[in-house]
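**Q** Sequence first, then the predicted structure:
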Amino acid sequence: MASKDGFTWTPSGGKRAGLPCIGVISPSTHFVQPEDDPFDTIVIGTGYAGLVASRDLTTQGKKTLVIEARDRLGGRTWSSSIDGFNYEMGGTWIHWHMPHIYREVSFYGLHNDWLVTQIPGGKEDYCTLTTDNDQRNMSHDDEADIVGRAFEVFANVDGDSLRHTWKYAFGTGQSPELMAKWDRLSCQERLDQLQAQDQLTPDETSVLTAFLVQAGGNDLDRLGLLDALRWWVLGSHSRTGLNDIALHTRLGSGHSELHRRIFHHALSTGNLSYTFDTPVTRIEQKDGLVTVTARDGHTWKAKAVVLTIPLNVLSSIEFSPPLSKNKQDAARQGSMNFTNKVHIDMQGPDWVSWSSLASPGKGTVAAFGDRLTPDNNTHLVAFGPDPSSSTGTTLEDMEVVRDSFVHLLPENKRSGVQINKIVSHDWNRDEFSKGAWCFLPPKFTTKYLTALQQPHGNVLFASGDWSDGWRGWIDGAVQIGMQAAQRVMELQRKPSGDKKVVNGSNIYL
Ligand SMILES: Cc1cc2nc3c(=O)[nH]c(=O)nc-3n(C[C@H](O)[C@H](O)[C@H](O)COP(=O)(O)OP(=O)(O)OC[C@H]3O[C@@H](n4cnc5c(N)ncnc54)[C@H](O)[C@@H]3O)c2cc1C
């Protein structure tokens with residue numbers, strides 16, 4: 001099965017669109033009830049949020065229609081197996097300290113299916129730091145020390161590294177005044193404060209800049225400080241916590257395998273209908289029913305809708321009645337993360353333990369070895385920011401992409417390097433994502449987060465882009481999908497005709 005998404009490049013074959021994926025669903029439609037009958041729920045999107053919501057609804061007896069714009073499951077998380085190696089095209093690293101996704105992993109029997117990224121013992125077992133006028137290699141211990149210390153200094157906005165003011169990473173009870181104060185700043189403004197106070201060495205400034213550009217996928221003046229602080233808290237307020245949890249372990253059989261297991265579970269209930277290759281263009285609410293219209297003119301009705309599409313594509317759907325002003329403004333402003341993630345297969349096993357950071361980069365700011373491919377070559381993953389940012393590049397010209405990666409390598413090793421394959425997905429030019437993982441701009445969270453989380457009548461808003469906890473990560477998507485299904489169950493438990501006010505919105509049952 002092949003998806004239209006993604007591409008490969010090889011020196012002999014050039015660039016080819018489309019990649020194999022076990023998450024492709026064929027035939028693309030399946031109805032377990034007459035299409036004209038109202039469904040209990042329509043779930044829009046089959047990323048983790050939509051998959052978990054539809055599984056939870058169907059297993060509790062709700063007749064559910066899933067509508068997905070793509071030809072496959074998974075949204076911004078999917079894997080492609082090429083020549084016996086699983087490439088994670090979007091969301092990748094998960095961990096048992098991410099409670100919602102770990103529950104899915106263990107429930108579907110994948111609890112022994114872990115791979116560790118960047119295995120030690122390879123020939124080039126060090127980190128290369130490239131700056132404007134210098135390049136040097138350091139041990140991975142030194143790398144962890146310098147990144148960890150710089151991140152802690154950066155996150156120490158209250159003199160106590162947020163250990164008490166932002167104690168519970170999944171809680172929402174932090175002081176609104178403090179959150180608003182930190183939310184006003186961009187990552188660049190925070191960095192400027194630290195530099196004015198002479199709190200960082202030049203090396204620390206360089207690694208911190210590269211780390212933050214990689215985290216947020218853009219220039220630092222466009223990235224909100226609050227999201228960076230939240231990542232620090234999610235990493236248990238510790239210097240290596242974020243890295244250990246969020247960039248370390250991935251599923252051996254790939255995320256698409258887990259997607260299939262969730263999807264087939266939902267299907268086995270006999271309550272699931274679905275239609276893929278079906279972008280939704282309009283959502284209308286009238287007389288207690290929601291009508292969903294697809295691009296090809298098809299319409300379906302339901303008592304409730306769970307909408308899981310990303311923040312950056314929210315304005316592609318027309319709503320009647322229209323969305324609240326705050327939701328519309330939030331959708332207009334959107335996430336700032338326009339990262340390019342690129343898989344590089346390099347000849348030979350030497351680079352599997354290597355890592356790199358560059359500030360400024362030339363298209364990419366970080367790359368690291370992941371695993372060996374079955375033919376004993378190195379698989380590396382590289383990240384670069386927004387193509388329109390000061391150091392970004394598009395994925396159009398593969399020579400440019402190749403050079404941007406080679407720039408990260410130690411200068412004396414660049415000439416001998418042979419790249420066998422590049423695999424990627426252009427998330428920024430993808431009309432159903434328009435960006436990568438969610439990273440919010442300054443002043444966004446305090447203004448819009450609550451508004452985004454609220455339902456719009458009988459339409460529940462459930463993207464990982466506005467979850468609590470691991471917002472912008474896989475775990476956040478699972479959490480908010482689970483919560484949306486739970487809310488539908490609660491609301492539909494009431495006798496028909498009831499009206500209930502939830503977070504200021506009328507819900508008609
Ligand atoms: C390059 C990259 C790397 C990442 N790395 C990590 C990582 O290592 N670890 C981690 O935890 N997270 C990572 N993430 C983030 C993670 O992938 C996302 O947070 C998560 O997948 C979001 O899930 P979701 O269900 O909320 O949204 P999505 O997965 O985006 O699902 C939304 C679905 O809605 C569909 N859709 C959109 N518009 C329409 C429409 N009009 N009609 C019908 N359907 C529509 C989309 O096709 C999609 O299937 C990464 C993301 C990217 C892009």
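**A** Noted; the coordinates are in hand. Keep in mind that what you see is a predicted model, and the values were worked out from it rather than measured.
**Q** and the helix ranked longest in the chain, how far from the chain's centre?
**A** When the chain is parsed with DSSP state H, its longest helix is helix 474-492. Offset of helix 474-492 from its chain centre (Cα atoms, centre = their mean, to the nearest Å): 18 Å.
**Q** what's the pLDDT at the spatially most central residue of the chain?
**A** Closest to where the C-alpha atoms of the chain average out (Cα atoms, centre = their mean) is Trp437, at 3.4 Å. Per-residue pLDDT puts Trp437 at 98.
**Q** Against which helices or strands is the strand or helix carrying Gln195 packed?
**A** Using DSSP states H and E, Gln195 sits within helix 187-196. In this structure, helix 187-196 makes packing contacts with helix 140-155, helix 202-216, helix 225-234, judged by 3 or more Cβ pairs under 8 Å, 6 or more residues apart in numbering; DSSP states H and E. C-beta here means a position set from N, CA and C on the backbone, and glycine is covered the same way.
**Q** Adding distance to the ligand, mean neighbour count and mean pLDDT as columns, could you present these in JSON lines?
**A** Formatted as JSON lines, the helices and strands packed on helix 187-196 follow (distance: least, Cβ to the nearest ligand atom, whole Å; neighbours: other Cβ atoms under 10 Å; pLDDT from 0 to 100):
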{"stretch": "helix 140-155", "distance to the ligand": "17", "mean neighbour count": "18", "mean pLDDT": "98"}
{"stretch": "helix 202-216", "distance to the ligand": "11", "mean neighbour count": "23", "mean pLDDT": "96"}
{"stretch": "helix 225-234", "distance to the ligand": "10", "mean neighbour count": "24", "mean pLDDT": "98"}
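**Q** List the contacts of Thr240.
**A** Ala144, Gly148 (Cβ atoms under 8 Å, 6 or more residues apart in numbering).
**Q** Mind pulling up the pLDDT for it?
**A** 96.
**Q** Same check on Gly416?
**A** In this model, Gly416 carries a pLDDT of 86.
**Q** re earlier: pretty sure the residue nearest to the centre of the chain contacts Gly91?
**A** Yes. Using Cβ atoms under 8 Å, Trp437 makes contact with Gly91 at a distance of 7.1 Å.
**Q** circling back: CA atoms only for the helix holding Gln195 - export them in CSV, please.
**A** Extracted C-alpha coordinates of helix 187-196, given in CSV (Å, rounded to 0.1, in the frame of the first residue of the first chain):
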residue,chain,number,x,y,z
CYS,A,187,12.3,33.1,23.2
GLN,A,188,14.5,35.8,21.6
GLU,A,189,13.6,38.4,24.3
ARG,A,190,14.4,35.9,27.0
LEU,A,191,17.8,35.1,25.4
ASP,A,192,18.5,38.9,25.2
GLN,A,193,17.8,39.2,28.9
LEU,A,194,20.3,36.5,29.7
GLN,A,195,22.9,37.9,27.5
ALA,A,196,22.5,41.4,29.0
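**Q** and that helix with helix 225-234, angle?
**A** 80 degrees (axes from the mean of the first three to the mean of the last three Cα atoms, to 10 degrees).
**Q** the inter-axis angle of helix 187-196 versus helix 140-155?
**A** Using the same axes, to 10 degrees: helix 187-196 against helix 140-155 is 100 degrees.
**Q** Can you list the residue ranges for helices in the stretch 401-509 of the chain?
**A** 445-453, 474-492 (DSSP state H, counting those that start in this stretch).
**Q** would a markdown table of those with mean pLDDT be doable?
**A** As requested, the helices of the stretch 401-509 of the chain are exported to a markdown table (pLDDT from 0 to 100):
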| stretch | mean pLDDT |
| --- | --- |
| helix 445-453 | 98 |
| helix 474-492 | 97 |
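**Q** returning to what we had before: find the residues that touch each one of Trp437 and Gly91.
**A** With Cβ under 8 Å, 6+ apart, Trp437 and Gly91 have common neighbours Arg76, Trp473.
**Q** quick revisit: could you dump the helices and strands packed on helix 187-196 into a markdown table and include distance to Ile119?
**A** Shown next, in a markdown table, are those (distance: least, Cβ to Cβ, whole Å):
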| stretch | distance to Ile119 |
| --- | --- |
| helix 140-155 | 12 |
| helix 202-216 | 21 |
| helix 225-234 | 25 |
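**Q** Torsion angles phi and psi at the residue of the stretch 151-300 of the chain found nearest the ligand?
**A** Checking the stretch 151-300 of the chain residue by residue against the ligand with Cβ to the nearest ligand atom singles out Val280 as nearest, at 3.6 Å. Recorded main-chain torsions at Val280 are phi -90, psi 140, according to degrees, to the nearest 10.
**Q** Pairing partners for it in the sheet, please.
**A** Beta bridges link Val280 to Ala294 when assigned by DSSP bridges.
**Q** swap in the one 4 residues further on?
**A** When bridges are assigned using DSSP bridges, the partners listed for Glu284 are Thr291, Ser320.
**Q** And Lys421, by the same measure?
**A** Beta-bridge partners of Lys421, as defined by DSSP bridges: Asp345.
**Q** wait, it sits on Gln347?
**A** No. Counting by Cβ under 8 Å, Lys421 stays clear of Gln347, with 10.0 Å between them.
**Q** Who has more neighbours out of the two?
**A** Neighbour count, other Cβ atoms under 10 Å: between Lys421 and Gln347, Lys421 has more, with 20 against 15.
**Q** Now do that one against the ligand, distance only.
**A** In this view, Lys421 and the ligand are 18 Å apart by Cβ to the nearest ligand atom, to the nearest Å.
**Q** cool, and Lys443?
**A** The value you get for Lys443 to the ligand, if Cβ to the nearest ligand atom is used, is 22 Å.
**Q** Flag every residue of the stretch 201-350 of the chain that's near the ligand.
**A** Pro279, Val280, Thr308, Ile309, Pro310, Val313, Ser316, Ile317, Thr339, Lys341 (Cβ under 6 Å from any ligand atom).
**Q** I am finished for the moment; much appreciated.
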